[in-house]
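[1] Build me a model:
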Amino acid sequence: MRVETGTDLASTLDTSASFSANYAGVSASTSSQYSYSHSLSTAKVYGVMSVDHRSFFLELDYDGSPVVVNERLLAAVEELPDWKVDQTTFDQYMNFFNDWGTHVMESCVFGARYQLKVNNELTKTETKEKFELHVKAEYNGIADVSGDVSVKNSSDYKTYRKTRENQVYVRGGTDASRVELSTSQPDDNPEEYRKTFNEWAQTLNNSNTASLVNIRVDSIGNSLRKSGNPEYEPAARKLIDALGYISALRVIQGQISVESFGTTEQPEYTCSLHNVPGMQLKYISAGSGNLSPVDQEPTSLKLRLQANPTQSSEPDVIIPQSGTSAWVNVQVTTPQEASVVHLEKPTSKGWYSLVLDLQPGGPKVQSTVDDKQTTRDIPVDSLAISGTYGT
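    Here you go, the predicted structure:
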């Protein structure tokens with residue numbers, strides 16, 4: 001079993017075709033413009049495991065024969081402008097990829113596979129090390145997993161079982177064992193689950209029950225270029241350039257947190273990102289406290305806090321003795337280049353804090369109560385690289 005943070009697992013899957021073939025079901029070379037960073041959370045830790053048997057393999061064979069490409073696809077590419085980084089061009093290419101897709105399946109493997117993915121939020125108590133202890137205890141005895149089952153008696157393990165998410169994909173093998181492994185939980189009956197797994201494993205080499213377990217893909221642009229037809233090169237160049245930018249976008253989960261030591265009952269805070277193609281700031285869900293979105297733009301989010309105003313016997317004096325804090329979950333989609341984060345705090349008398357925290361996948365950008373400026377434009381090296389910025 002492999003245990004990694006979402007950031008590290010995405011990096012490994014993106015750079016190792018053999019690893020992604022075994023653990024994700026889709027393999028792609030580093031030049032294929034395929035990225036797993038969009039589907040794995042930077043705020044989570046993952047445990048992945050795969051047991052498989054390959055029965056047979058099918059592949060597109062580029063044997064030098066003329067490659068026939070859908071004329072409608074070529075016509076659609078011809079209507080696209082040459083790629084450049086602006087919003088209009090970005091939108092045109094996104095519409096094209098939404099219609100035609102981004103990748104071509106070049107080969108597939110049929111056989112049998114038990115594929116497990118378990119994940120949980122990274123917290124102060126559920127660290128990567130704690131998660132590894134817990135997930136190995138839960139799946140102890142499955143394939144080559146060896147864990148300390150005594151941790152199952154701890155309160156931390158009970159919390160892990162309530163909060164963790166797991167997905168089991170079983171392909172091939174006998175129907176009964178496949179269904180049982182896919183739908184039951186090991187902790188319900190550990191001995192029975194291990195017995196069912198071993199029964200399924202004994203049927204892996206039965207080609208009559210083989211299922212699709214892995215595909216290998218490459219981008220449409222690369223496929224056009226590999227066809228060897230020079231007439232397709234202009235279309236290939238357009239698509240490769242565009243997908244190079246789009247596939248490099250990173251999706252990062254984090255939080256926006258606020259504090260209020262002021263006189264107003266409903267202070268408002270705004271966080272905005274540099275408006276470049278592909279950039280997004282999206283409200284996901286409530287976290288803690290009474291903080292809610294009042295305005296959502298593609299790269300901007302305004303939040304309103306239901307606060308407890310600080311009372312003062314002197315009109316011009318505010319004593320920060322009983323403040324209000326809250327946070328919400330957000331998601332950022334960002335290029336990897338340098339950027340700017342715009343933060344706006346309430347202008348009414350008081351002390352206020354506004355923090356965009358994308359760690360560990362990105363930076364922490366803050367305007368704390370010590371920062372007396374109500375509006376800040378804070379440059380960052382990248383929203384996809386960890387660091388701390390602001391005051």
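[2] any chance you could map the helices in the chain?
    Ranges of helices in the chain, per DSSP state H, are 6-15, 17-23, 71-78, 87-100, 128-138, 155-163, 175-183, 190-201, 220-226, 233-247.
[3] and those, which one is worst for confidence?
    Mean pLDDT is lowest for helix 17-23 among these, at a mean of 72.
[4] Tell me how many other residues crowd Phe19.
    Phe19 has 17 neighbours, counted by other Cβ atoms under 10 Å. (Glycine included, C-beta is placed from N, CA and C.)
[5] ranking the helices of the chain by burial, who's on top?
    When the helices of the chain are scored by mean count of other Cβ atoms under 10 Å, the highest mean neighbour count falls to helix 220-226 (a mean of 22).
[6] List the contacts of that one.
    With Cβ atoms under 8 Å, 6 or more residues apart in numbering as the contact definition, helix 220-226 has outside contacts at 31-33, 62, 69, 73, 100-104, 106, 218, 232-233, 235-240, 243.
[7] redo that, cut-off 7 Å
    Helix 220-226 has contacts (Cβ atoms under 7 Å, 6 or more residues apart in numbering) with 31-32, 62, 69, 100, 102-104, 232-233, 235-236, 239-240, 243.
[8] coming back round to it: Serialize the helices of the chain to TSV and add fields for distance to Tyr114.
    Converted to TSV, these look like this (distance: least, Cβ to Cβ, whole Å):
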stretch	distance to Tyr114
helix 6-15	18
helix 17-23	11
helix 71-78	37
helix 87-100	33
helix 128-138	15
helix 155-163	21
helix 175-183	7
helix 190-201	7
helix 220-226	31
helix 233-247	30
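[9] out of those helices, nearest to Gln280?
    Among the helices of the chain, helix 87-100 comes nearest to Gln280, with 11.9 Å by Cβ to Cβ.
[10] Tell me which residues are up against the closest one.
    So helix 87-100 is contacted by 73, 76, 80-81, 83, 220, 242, 277-278 (Cβ under 7 Å, 6+ apart).
[11] hmm, try it at 8 Å
    73, 76-77, 80-81, 83, 220, 242-243, 245-246, 277-278.
[12] repeat for stretch 128-143
    Stretch 128-143 has contacts (Cβ under 8 Å, 6+ apart) with 1, 3-5, 45, 47, 49, 51, 114, 116, 118, 120, 122, 126, 145-152, 156-157, 160-161, 164, 186-187, 190, 193-194, 197, 201.
[13] Could I have the CA atoms of that stretch written out in CSV?
    Taking Å, rounded to 0.1, in the frame of the first residue of the first chain, the C-alpha atoms of stretch 128-143 are listed here in CSV:
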residue,chain,number,x,y,z
LYS,A,128,0.0,11.4,7.2
GLU,A,129,1.7,9.1,9.7
LYS,A,130,-1.5,8.6,11.7
PHE,A,131,-3.5,7.9,8.6
GLU,A,132,-1.0,5.3,7.4
LEU,A,133,-1.3,3.5,10.8
HIS,A,134,-5.1,3.6,10.5
VAL,A,135,-5.5,2.5,6.9
LYS,A,136,-3.0,-0.4,7.3
ALA,A,137,-4.9,-1.5,10.4
GLU,A,138,-8.2,-1.5,8.5
TYR,A,139,-6.9,-3.4,5.5
ASN,A,140,-4.5,-5.7,7.4
GLY,A,141,-4.1,-9.1,5.7
ILE,A,142,-5.4,-7.9,2.3
ALA,A,143,-2.7,-8.8,-0.3
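[14] closest to Thr391 out of the helices of the chain?
    helix 6-15 (26.6 Å).
[15] could you check the angle helix 128-138 makes with the closest one?
    70 degrees (axes from the mean of the first three to the mean of the last three Cα atoms, to 10 degrees).
[16] which other residues reach helix 6-15?
    For helix 6-15, contacts defined as Cβ under 8 Å, 6+ apart pick out 2, 4, 19-20, 23-24, 30, 34-37, 40-46, 48, 119, 360-361.
[17] tell me the contacts of the residue lying closest to Val332 once chain neighbours are set aside?
    Leaving aside its chain neighbours, Val332 sits nearest to Ile252 (4.9 Å; criterion: Cβ to Cβ, 6 or more residues apart in numbering). Ile252 sits next to 42, 331-334, 358, 361-362, 383-384 when contact means Cβ under 8 Å, 6+ apart.
[18] circling back to that earlier point, do you know which of the helices of the chain lies nearest Ala286?
    Closest to Ala286 of the helices of the chain, according to Cβ to Cβ: helix 155-163, at 16.7 Å.
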